[in-house]
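>>> Got a predicted structure plus its sequence, pasted below:
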Amino acid sequence: MTPAAPRSPDHLTLALPKGRILEEAVALLARAGLPLTLPEKSRALRHEFPGVTVLELRNQDVPVYVDLGVADAGIVGKDVLIESGRTVYEPVDLGFAACHLSLIREVGASGPIGRVATKYPRSARAYLAARGIPAEVVKLSGNIELAALTGLADAVVDLVQTGSTLRANHLEEIDVLYHSSARLVVNRAALKLRRERLRPLIERLRELTGSGRPGTATDGE
Amino acid sequence: MSLPPRPAPLTRAVPEGTRDVLPPEWAWREHLRTRLAGVFAAWGYRGVEVPALEFAAPDHPQSARAFKLIDTGGEVLALRSEFTTAVGRLVRARFPEGPFPLRLQYGGRLWLRTLTSELGRLREFGQVGVELIGVATPQADAELLRLGTRALETVGVRAVMEVGYPGFLDAVLEDAGLDVDARDALHDAIDRKSGADVDLLAAAHGLGAGVTATLHTLTDLYGGPEVLAQAAALARGERARAAVAHLEAVAALCEPGLLFDLGASRRYGYYTGITFRAYAEGLNQPVLGGGRYDLGGLPGAGFAIGLERLTEVTAANLPPEPELVLALDPAGADLARAAGIVAELAWTDDREALLTYCRRRGIRRWARGNTLTEVTA
């Protein structure tokens, strides 16, 4: 184990996913008062700011870093969080990166569902089990729609944002498993030990996103 | 001397989740175990040992995760998966009349079939802990919080103790008129402090704005002593008020610095009173966990400390190993040992072999007769 560099006790380490969410996350966190700027395109994976370290990760890895306490907090989609099965706090729904996880079939398909392809095996299994559908779940890594079109699977469970990919490929949503959006996630011990820094951040993010408090605007899902 | 033996090819030598413990970790762990047992003993906690083999019981709290074995008569046995249940059995069988309060300490290995993130990838691990049985007063809870803090201090860990009370959350939900199903679902969402999931569940169960606002308050009910005042404002019914009064009494008996989280409700069906965890400063992982439960009709409370995690946390401030010398005769060995130095006896007169050994083991001095001299070629 590499010893961590000496830091002030209230130093924050944040786990953020690469790509589009990173831009929105940095912008939002900067508006919430953290001294962050979007890291320049580089090979660096760890970015240092005054009092804050940002770890740039694959989104599936964000819950792992936060649960194991290497990062104090992070931002990740609810879909990835559910699929990870990690027990972290998720005090703020940040609202962006909205999408839903759906059961999808070819338009008009009506036969029994014997095999389901997905990037989300945990969610797919839970959904199928809850409905008593004894289908096999096949884990794939990308272009899930193709599994339904080629007959690899009778249905797929995948994320839908606008639905245009579905329409273009003659597919339709049969059912919605759940709605997802980006969440602030926090390590269980860090929320308590670093609450002087994290509580104001949580409050500010709630104000900025108008989420999680009754009486404020809620999403219209 | 011949070439060192070639290392054996890496094979699956031990089952997943088990491991060999090597020096110096073994010595560190024994040091910690001894220091902790010493503190527990000084507070009146007498040691007991319970078998590693138990009768499998479906109502055991870890039943689904324990290793099972078949005994010669066909009976199903389980490898010990936690200590509290076993100590409870021991107390009912061996100390039915007490005298109470009964203070016991235990230590040993535990096994779980499934991996958990809290334990890393370990399926065999060591714990030490205490049980304070037969009383349920605030004084008893406070004693455990103080003992836990003191025990960790003794091994150089500055810890913050956080107290929860899952029954408080359940009582507030009950007072809000929620049925058991709604409560079960909300316990989990509130424990994860997920405002978004609270909103979803509130909509699914048709809860009003006032109740939903209370649920959101519960997700934020953590921090210092100010939390108890906020909790008192939320407590409507008898159960909730009694929980807050109990926590206030416990806090008054402890040193300042306690944290509270009244939204915490992990395993709320198991705990009958307070729950608590100690976080080592600067480390995002708990090093001690405990609470109050029912030990088959007797009130019990206690905590356990995981030795693997503690060894990791304390590795930096453990005492250095004593110097090791090579003794060329028994008199030299006696001389070194009398001075608190570890002495190994020379096994040969072959000076070359002894020099090679000293170099490889980092031995700088040897002892002969009544002198200690630098190792020289």
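In hand now; what should we look at? Please read these numbers as outputs of a predicted model, since none were measured by experiment.

>>> From here on, just use CA atoms for contacts and neighbour counts.
Will do.

>>> and residue B:222, what does it touch?
Residues near residue B:222 by Cα atoms under 8 Å, 6 or more residues apart in numbering or on different chains: A:192, B:259-263.

>>> So which of those belong to helices?
Counting by DSSP state H, those place residue A:192 in helices.

>>> Just send the contacts of residue B:222 back as TSV, with pLDDT too.
Formatted as TSV, the contacts of residue B:222 follow (pLDDT from 0 to 100):
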residue	pLDDT
A:192	91
B:259	95
B:260	96
B:261	95
B:262	94
B:263	92
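
>>> a markdown table please, covering the contacts of residue B:222 and showing neighbour count.
Shown next, in a markdown table, are the contacts of residue B:222 (neighbours: other Cα atoms under 10 Å in any protein chain shown):
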| residue | neighbour count |
| --- | --- |
| A:192 | 23 |
| B:259 | 22 |
| B:260 | 25 |
| B:261 | 24 |
| B:262 | 28 |
| B:263 | 27 |
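
>>> Pick out whichever of the contacts of residue B:222 sits closest to residue B:74.
In terms of Cα to Cα, no member of those lies closer to residue B:74 than residue B:263, at 44.5 Å.

>>> got a list of what the closest one touches?
B:164, B:166, B:169, B:190-191, B:193, B:218-222.

>>> Let me see the ranges of the strands in chain A.
With DSSP state E as the criterion, chain A has strands at A:12-17, A:46-49, A:52-57, A:73-77, A:89-93, A:99-106, A:115-118, A:136-139, A:155-160, A:171-180, A:182-186.

>>> wait, which of the ones you listed is closest to chain B?
When the strands of chain A are compared by Cα to the nearest Cα, strand A:89-93 sits nearest chain B, at 4.7 Å.

>>> Could you list every helix and strand that that closest one packs against?
Contact partners of strand A:89-93 among helices and strands, from 3 or more Cα pairs under 8 Å, 6 or more residues apart in numbering or on different chains; DSSP states H and E: strand A:182-186, helix A:195-209, helix B:195-204.

>>> so which of the ones you listed comes closest to residue B:98?
Checking those against residue B:98 by Cα to Cα gives helix A:195-209 as the closest, at 43.1 Å.

>>> Out of the contacts of residue B:222, which sit inside strands?
Among the contacts of residue B:222, the residues falling in strands (DSSP E) are B:259-261.

>>> For residue B:286, name its beta-bridge partners.
Beta-bridge pairing for residue B:286 (DSSP bridges): residue B:279.

>>> Would you indicate which residues of stretch A:165-183 are buried?
By 16 or more other Cα atoms under 10 Å in any protein chain shown, the buried positions in stretch A:165-183 come out as A:166, A:171-173, A:176-177, A:180-183.

>>> for stretch B:214-232, same thing?
B:215-223, B:225, B:227-228, B:230-232.

>>> ditto for stretch A:9-27
Those would be A:10-17, A:21-22, A:25-26, for stretch A:9-27 by 16+ other Cα under 10 Å.

>>> avg pLDDT for that stretch?
Averaging pLDDT along stretch A:9-27 yields 89.

>>> Just the ones of the contacts of residue B:263 in strands?
B:164, B:222.

>>> which of the contacts of residue B:263 lies closest to residue B:255?
Relative to residue B:255, the closest of those is residue B:164; by Cα to Cα it sits at 16.6 Å.

>>> Flag every residue of chain A that's near chain B.
Listed as neighbours of chain B in chain A under the rule Cα under 8 Å from any Cα of the partner chain: A:9, A:68-70, A:72, A:87-93, A:187-190, A:192-193, A:195, A:211-214.

>>> what number of residues lie near the residue of the stretch 251-377 of chain B found nearest chain A?
Going by Cα to the nearest Cα, chain A is nearest to residue B:284 of the stretch 251-377 of chain B, at 4.7 Å. Applying the criterion other Cα atoms under 10 Å in any protein chain shown, we find 23 residues in the vicinity of residue B:284.

>>> which non-adjacent residue is nearest residue 90?
Defaulting to chain A. Leaving aside its sequence neighbours, residue A:90 sits nearest to residue A:185 (Cα to Cα, 6 or more residues apart in numbering or on different chains; 4.3 Å).

>>> wait, I meant chain B there
residue B:50 is the one closest to residue B:90 (Cα to Cα, 6+ apart), at 7.6 Å.

>>> can you pull the pLDDT of residue B:296?
On the pLDDT scale, residue B:296 gets 84.

>>> whoops, residue B:309 was the one
Predicted confidence (pLDDT) for residue B:309: 88.

>>> Tell me the helices and strands packed up against the strand or helix carrying it.
Counting by DSSP states H and E, the element that carries residue B:309 is helix B:307-314. Contact analysis of helix B:307-314 by 3+ Cα pairs under 8 Å, 6+ apart lists helix B:25-42, strand B:124-133 as its packing neighbours.

>>> got a list of contacts for that helix?
Against helix B:307-314 from outside (Cα under 8 Å, 6+ apart): B:25, B:28-29, B:32-33, B:119, B:125-128, B:155-157, B:287.

>>> do the same with stretch B:339-359
Here stretch B:339-359 makes contact (Cα under 8 Å, 6+ apart) with B:1, B:322-330, B:333, B:336-337, B:364, B:375-377.

>>> Put the alpha carbons of it into PDB.
What follows is stretch B:339-359, C-alpha atoms only, in PDB (Å, rounded to 0.1, in the frame of the first residue of the first chain):
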ATOM      1  CA  ALA B 339      19.800  -7.400  27.900                       C
ATOM      2  CA  GLY B 340      16.400  -7.800  26.100                       C
ATOM      3  CA  ILE B 341      18.000  -8.700  22.800                       C
ATOM      4  CA  VAL B 342      16.800 -11.600  20.700                       C
ATOM      5  CA  ALA B 343      19.500 -14.300  20.300                       C
ATOM      6  CA  GLU B 344      19.600 -17.100  17.800                       C
ATOM      7  CA  LEU B 345      22.000 -19.900  18.400                       C
ATOM      8  CA  ALA B 346      24.700 -20.700  15.800                       C
ATOM      9  CA  TRP B 347      24.100 -24.100  14.300                       C
ATOM     10  CA  THR B 348      27.500 -24.700  12.800                       C
ATOM     11  CA  ASP B 349      31.200 -23.700  13.100                       C
ATOM     12  CA  ASP B 350      31.300 -22.900   9.400                       C
ATOM     13  CA  ARG B 351      32.200 -19.200   9.700                       C
ATOM     14  CA  GLU B 352      31.400 -18.500   6.000                       C
ATOM     15  CA  ALA B 353      27.900 -19.900   6.400                       C
ATOM     16  CA  LEU B 354      27.300 -17.900   9.600                       C
ATOM     17  CA  LEU B 355      28.400 -14.700   7.800                       C
ATOM     18  CA  THR B 356      26.100 -15.300   4.900                       C
ATOM     19  CA  TYR B 357      23.200 -15.900   7.200                       C
ATOM     20  CA  CYS B 358      24.000 -12.700   9.200                       C
ATOM     21  CA  ARG B 359      24.000 -10.800   5.900                       C
END
